[in-house]
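K.L.:
Let's see this in three dimensions:
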Amino acid sequence: MRVDLNSDLGESFGRYKLGLDEEVMNYITSANVATGWHAGDPLVMRKTVRLAKEKGVAVGAHPGYPDLMGFGRRYIKLTPEEARNYVLYQIGALYAFTRAEGLELQHVKPHGALYNALVKEGELARAVIEGIADFDKKLIFVTLSGSKPAEIAEEMGVKVAHEVFADRAYNPDGTLVPRSKPNAVIHDKDEIAERVISMVKDGGVRAINGEWIELKVDTICVHGDNPKAVEIAKHIREVLEREGVRIVPMKAFIR
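P.N.:
Numbering: from 1, shown residues only. This is a model prediction of the structure:
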C-alpha cells in the first residue's frame, strides 16, 4: 500500500508567521504552497519551495479566493471565466518559483472555501479544472475523496488524487463537517491515527453520526497551522509505516 501525506504550507505573509513549515516538512511527501491570494507572498513562496527542495518534498500550487483578510475561508461567487483564470494565474505564480529552483510542479489543490465550493458547484469545479488543464494537463488535481469534482476531472482526462483529512470530522455524505460546527476538528493524535488507519486499510471511516462511509485514499491532509501539527504529522507517519504503508509523493503512483 502506498499513500501520500500533504500539508498546506507557505501561508505566512509579510511580518506575519503562520504554521510550522520547517518542522512539518520533515514528515510529509507533498507541500501545497499558498499562491498569494489567501496567504503567502513572493518571499514566502520562494522560501517554501527552497525548503521543499531541501527536504525532498514534492510541490503543488494551493490557489484560493482573493481573500487575504478572511484567509480564503469565505465564499465568493465567481463566474466560470473568473474561476478558470484565477486558478491559472495562481498556478503560474508558483511555477515561476519552482522553475527558478529547478523543481517540477506536481499538483494543484484548491484552498479553503474554494475547495469546498467545488464539491457543491459542478460548473465551478469544471472551470477550475479547465484552468489547471490550461496550464498543464499532467498536473494532478487534488480534491475530496469520491466527490463530484473528482468525476469531472477524470472525464476531462485530468489526473486526480483522492484526498482525505486526518483531523476533520465527516458528514454521512462524505463532505467535511464545517469548522463552525462542534467537534468538526479532531485534536487527539491517537484518535487521528486510528481514523487514518481505518481510511487507508479499511477503505472508510465513521461519519460524525456513526454511519460508515467509504473513501478512496491517495493522499492524506495533515494541517500545518495548529499547535500540535508536528506531533500529529510525525505520529501519523510512524503509525502508517508500522502498518506497512509506504509514504511516497502522489506522482509516484498516480499516472
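
K.L.:
For the residue nearest to residue 118 when sequence neighbours are not counted, give me its contacts.
P.N.:
Of all residues not flanking residue 118 in the chain, residue 125 sits nearest, at 4.1 Å (Cβ to Cβ, 6 or more residues apart in numbering). Using the backbone N, CA and C atoms, a C-beta is placed for each residue, glycine as well. Going by Cβ atoms under 8 Å, 6 or more residues apart in numbering, residue 125 touches 118-119, 148-149, 152.

K.L.:
and residue 125, helix, strand or coil?
P.N.:
Following DSSP: H, G, I helix; E, B strand; the rest coil, residue 125 is assigned to helix.

K.L.:
still on that earlier bit, most widely separated two among the contacts of residue 125?
P.N.:
Using Cβ to Cβ, the pair of those lying farthest apart is 119 and 152, separated by 10.8 Å.

K.L.:
To what extent is residue 150 buried, counted in neighbours?
P.N.:
Counted with other Cβ atoms under 10 Å, residues neighbouring residue 150 total 25.

K.L.:
just checking, it touches residue 162?
P.N.:
Yes - using Cβ atoms under 8 Å, residue 150 is in contact with residue 162, at 6.1 Å.

K.L.:
Which neighbours do the two have in common?
P.N.:
143-144.

K.L.:
Nearest the geometric middle of the protein, what residue?
P.N.:
Nearest to the geometric centre of the chain sits residue 109, at 5.0 Å (Cα atoms, centre = their mean).

K.L.:
Now do the contacts for it.
P.N.:
Going by Cβ under 8 Å, 6+ apart, residue 109 touches 6, 8, 32, 60-62, 115, 141-143, 163.

K.L.:
Which two among these are spaced furthest apart?
P.N.:
The largest separation in the contacts of residue 109, counting by Cβ to Cβ, is between 8 and 141 at 15.8 Å.

K.L.:
Show me what the longest strand along the chain pairs with in its sheet, parallel or antiparallel.
P.N.:
In the chain, assigned by DSSP state E, the strand with the most residues is strand 2-9. Partner strands and pairing direction for strand 2-9 (DSSP bridges) are strand 30-34 (parallel), strand 219-221 (parallel), strand 246-247 (parallel).

K.L.:
so how far is that strand off the chain centroid?
P.N.:
Between the centre of strand 2-9 and the centre of its chain there are 7 Å (Cα atoms, centre = their mean, to the nearest Å).

K.L.:
Right, I'll leave it there.
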